[in-house]
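Chemist: This is a predicted model, with the sequence first.
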Amino acid sequence: MLSCARLLVFALALPLALALYIIGTGGAAQTPPVTPAPQEASNNGNHRRDAGPWKVANRAFTLHDATRGKDLEVRVRFPDLAMESGTTGDLPKFPLVVFSHGMGGSRDAFAQLSAHLAGHGYVVVHPTHDDSVRLQRDKGGDVREFMNDPESYRTRVDPVGRVDDVKFLIGAADAIEEQTGMVGAIDVDRVGVAGHSAGAMTTQLTLGVSARGPRLGGSGRRGLGLSSIGDDRVDVGIVISGQGTTTRMFTEKSWETVDVPMLVIAGSKDTSRASNETPESRCHPFDYSRGVAAGGPPAYLLYIEGAHHASYAGKEADSPEELRMIVECTHAATRAMLDAYLKTDAEAVSYLADGKGIEALSDGRAELRSK
């Protein structure tokens, strides 16, 4: 039996409520993008794990944020417009997804997920944040602490600076288009943010989760000073191996300020030497979100038996077969979430609401909850 605290399921009312949410937030007014013909849907929805119809291009470069006087390394994976295979009429505009890496990582994190999304018509931008081990080493810093005492290394993680990186990239679509040769192809009115571990913290803050701390406008004391530094240009978020109330920045009230749909991904073996998070606390962003029935946006939880902290990126599991399952479930749920709320895809909404596709894909070792 899969378990996370306070899971609420509204199986009968949810599909209609989600449809009304999409219409109410302007989904019905959006013109569906011109895209290659989708693959035929299978009965259980497992087609969502398959490679997309687009060839994937990959570019790495540096952008300059003049406001902060900062150079930001990025990697972008995107549909290769040079192929133009399977398209009709004008070339499409693609939604933008910014992916934030975990503590010490870089723009090379989650390459498989990034390529999967780009193949299905997304422009995925990966920044290298300042806590990157490679960047720290390039600056002459001692990074042995990352391996020897990862909890101490957390002091190098600047949540607000990371959010500023994401905000800069959302506003840098023109520069990204120029560097990738995709001039006019990024749709800045359809934006998603995703991240793993410290990147999940970045994602939550960008989505508008309220937190406390001096740089966030609060006192930094427990129970005082909650505030939000979210970006209202973001339409959907994916929180992979995130933080709950075990993190002193958050309280049970923190998620009440989120106004966009959110997918939370957690696993039964998801712990880390860098924090005191537990598999249960990884579920808190879902547990304490309002959900549709309480007047909030839709919230989802993908909970995977056997998933370790690095499993979602294809790096850690108890067996190769289990690792393959975890990665495929992560890819399928993430793509469905983005398709539902950036492409107003009704089939994707149903896939998220009934959870049967994930159950079939995982042979019952993962489940997708909704509220």
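Modeler: Cool, got the structure.

Chemist: okay, now residue 233: neighbour count?
Modeler: 15 (other C-beta atoms under 10 Å). The way it works is simple: take the backbone N, C-alpha and C, and place the C-beta from them, glycine included.

Chemist: just so I have it, where are all the helices in this protein?
Modeler: Per DSSP state H, the chain carries helices over the ranges 14-24, 111-119, 133-138, 144-148, 150-153, 159-170, 173-180, 198-207, 284-287, 320-342, 346-354, 356-361.

Chemist: how about the ones you listed, which one is nearest residue 268?
Modeler: Smallest distance to residue 268 across these (C-beta to C-beta): 10.7 Å, for helix 320-342.

Chemist: Please spell out which residues along that closest one are buried.
Modeler: Across helix 320-342, burial judged by 16 or more other C-beta atoms under 10 Å covers 322-323, 325-342.

Chemist: so who does the most centrally placed residue in the chain touch?
Modeler: What sits nearest the mean C-alpha location of the chain, by C-alpha atoms, centre = their mean, is residue 194, with 2.0 Å. Residues in contact with residue 194 (C-beta atoms under 8 Å, 6 or more residues apart in numbering) are 97-100, 203, 237-240, 334.

Chemist: helices and strands of this protein: which one bottoms out on pLDDT?
Modeler: Lowest by mean pLDDT, DSSP states H and E among the helices and strands of the chain is helix 14-24, with a mean of 43.

Chemist: pretty sure residue 252 contacts residue 288?
Modeler: Yes: contact status for residue 252 versus residue 288: in contact at 5.1 Å, counting by C-beta atoms under 8 Å.

Chemist: follow-up on the earlier one: what is the nearest of the contacts of residue 194 to residue 280?
Modeler: Closest to residue 280, out of all of those and judged by C-beta to C-beta, is residue 239, at 14.9 Å.

Chemist: and the closest one, how many neighbours does it have?
Modeler: 27.

Chemist: Now do the strands in the stretch 201-350 of the chain.
Modeler: 236-240, 262-269, 299-308 (DSSP state E, counting those that start in this stretch).

Chemist: quick one, the last one and helix 346-354 angle?
Modeler: What that stands for is strand 299-308. Per axes from the mean of the first three to the mean of the last three C-alpha atoms, to 10 degrees, the angle that strand 299-308 makes with helix 346-354 is 70 degrees.

Chemist: Quick one: distance of strand 299-308 to the chain centre.
Modeler: Distance, stretch centre to chain centre, for strand 299-308: 14 Å (C-alpha atoms, centre = their mean, to the nearest Å).

Chemist: What pairs with it, parallel or antiparallel?
Modeler: Paired neighbours of strand 299-308 in the sheet (DSSP bridges): strand 262-269 (parallel), strand 366-370 (antiparallel).

Chemist: in the chain, which ranges drop under the pLDDT threshold?
Modeler: Applying pLDDT under 70 to the chain flags residues 1-47, 83-90, 145-152, 214-225.

Chemist: one more time with 50
Modeler: Residue ranges of the chain with pLDDT under 50: 1-43, 85-88, 218-224.

Chemist: related to what we said a few turns ago, next one: the residue nearest to the centre of the chain from residue 99, what distance?
Modeler: Between residue 194 and residue 99 the distance is 5 Å, computed by C-beta to C-beta, to the nearest Å.

Chemist: Let me see the contact set for residue 191.
Modeler: Here residue 191 is in contact with 95-98, 170, 233-235, 342 (C-beta under 8 Å, 6+ apart).

Chemist: if I look at it, how far off is residue 104?
Modeler: 26 Å.

Chemist: again with residue 350
Modeler: The value you get for residue 350 to residue 104, if C-beta to C-beta is used, is 38 Å.

Chemist: circling back to that earlier point, spit out the residues that contact residue 252 and residue 288 alike.
Modeler: Contact criterion C-beta under 8 Å, 6+ apart; residues bridging residue 252 and residue 288 by contacting each: residue 245.

Chemist: can you give me the end-to-end distance of stretch 313-327?
Modeler: 7 Å (C-alpha to C-alpha, to the nearest Å).

Chemist: returning to that earlier point: more neighbours: which of residue 252 and residue 288?
Modeler: Taking other C-beta under 10 Å, residue 252 and residue 288 do not tie; residue 288 has more neighbours (22 against 11).

Chemist: That one and residue 112: what is the separation?
Modeler: Residue 288 is 30 Å from residue 112, by C-beta to C-beta.

Chemist: ditto for residue 237
Modeler: 20 Å.

Chemist: Is residue 162 in contact with residue 128, as I believe?
Modeler: No: under the criterion of C-beta under 8 Å, residue 162 makes no contact with residue 128, lying 10.7 Å away.

Chemist: So between the two, which is more surrounded?
Modeler: Shown here are residue 162 and residue 128; by other C-beta under 10 Å, residue 162 has more neighbours (24 against 21).

Chemist: Fine by me, we can end here.
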